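*Asks:* coords please:
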Amino acid sequence: MLRVCSVTPMAEINDARVIDCVVLDATDRHRRRIVLTGERGTKLLLDLPHAQALRDGDALVLEDGSIVRVTGKREALVEIAAANPQQLARFAWHIGNRHTELELVGERLRIRRDSVLEEMLRGLGAQLSPIEAPFEPEPGAYAHADRHDGHEP
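*Replies:* Numbering: from 1, shown residues only. Modelled structure (predicted):
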């Protein structure tokens, strides 16, 4: 079993070194230590010094120099649209007040499907669209994991 040496954005890696791909949902992409099996059967050990959120498109660099691509698994989500930025901020506040993970996508919000939250949001005037897509929730204000998306934690 090969060990992961580092996690790097895929854009910084030579595609010719990619040997496999792991497809993980948002929960499974936030790990410190786990044994993974790629789509082509490659077994690898992710053993990081601290938990890290792996992002859709990240590259797991293995000890032999080969690479396994991380792909976000499609999840049942709801996309939330608002009439204006103030209304969108209000929706985000209500979602956050319920300690629910949230993804910002342009002028829309995304959360995992939840009938109670969806009913609340409809009552507040939100336009909801069920979708299936990889989920990349915000890491949170107190997240101190290594980030490589160009933003400081």
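*Asks:* what are the contacting residues of the longest strand seen in the chain?
*Replies:* Across the chain, the longest stretch assigned as strand under DSSP state E is strand 43-53. Residues outside strand 43-53 that contact it (C-beta atoms under 8 Å, 6 or more residues apart in numbering): 1-4, 7, 22, 29-38, 60, 62, 68, 139, 143, 145-147. To be clear about C-beta, it is placed using only N, CA and C from the backbone, and glycine gets the same treatment.
*Asks:* got it, and stretch 104-111?
*Replies:* 77-82, 85, 88, 91-92, 95, 100-103, 117, 131, 133, 135, 138.
*Asks:* swap the cut-off to 7 Å and go again
*Replies:* Contacts of stretch 104-111 with the rest of the structure, by C-beta atoms under 7 Å, 6 or more residues apart in numbering, involve 77-81, 88, 91-92, 95, 100-103, 117, 135, 138.
*Asks:* hang on, the earlier thing: could you point out the helix or strand that follows the longest strand of the chain?
*Replies:* Sequence order places strand 58-62 as the next helix or strand after strand 43-53, per DSSP states H and E.
*Asks:* who does that following strand pair up with?
*Replies:* Here strand 58-62 is paired, per DSSP bridges, with strand 2-9 (antiparallel), strand 67-72 (antiparallel).
*Asks:* would you turn these into CSV with mean neighbour count and mean pLDDT?
*Replies:* Putting these into CSV (neighbours: other C-beta atoms under 10 Å; pLDDT from 0 to 100) gives the following:
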stretch, mean neighbour count, mean pLDDT
strand 2-9, 15, 93
strand 67-72, 21, 96
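*Asks:* can you redo those as CSV with distance to T42?
*Replies:* Output for the strands paired with strand 58-62, formatted as CSV (distance: least, C-beta to C-beta, whole Å):
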stretch, distance to T42
strand 2-9, 7
strand 67-72, 6
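*Asks:* once you drop chain neighbours, what's closest to the residue positioned nearest the centre of the chain?
*Replies:* Nearest to the geometric centre of the chain sits E136, at 2.9 Å (C-alpha atoms, centre = their mean). Distances taken as C-beta to C-beta, 6 or more residues apart in numbering place E103 nearest to E136, at 5.3 Å, with adjacent residues excluded.
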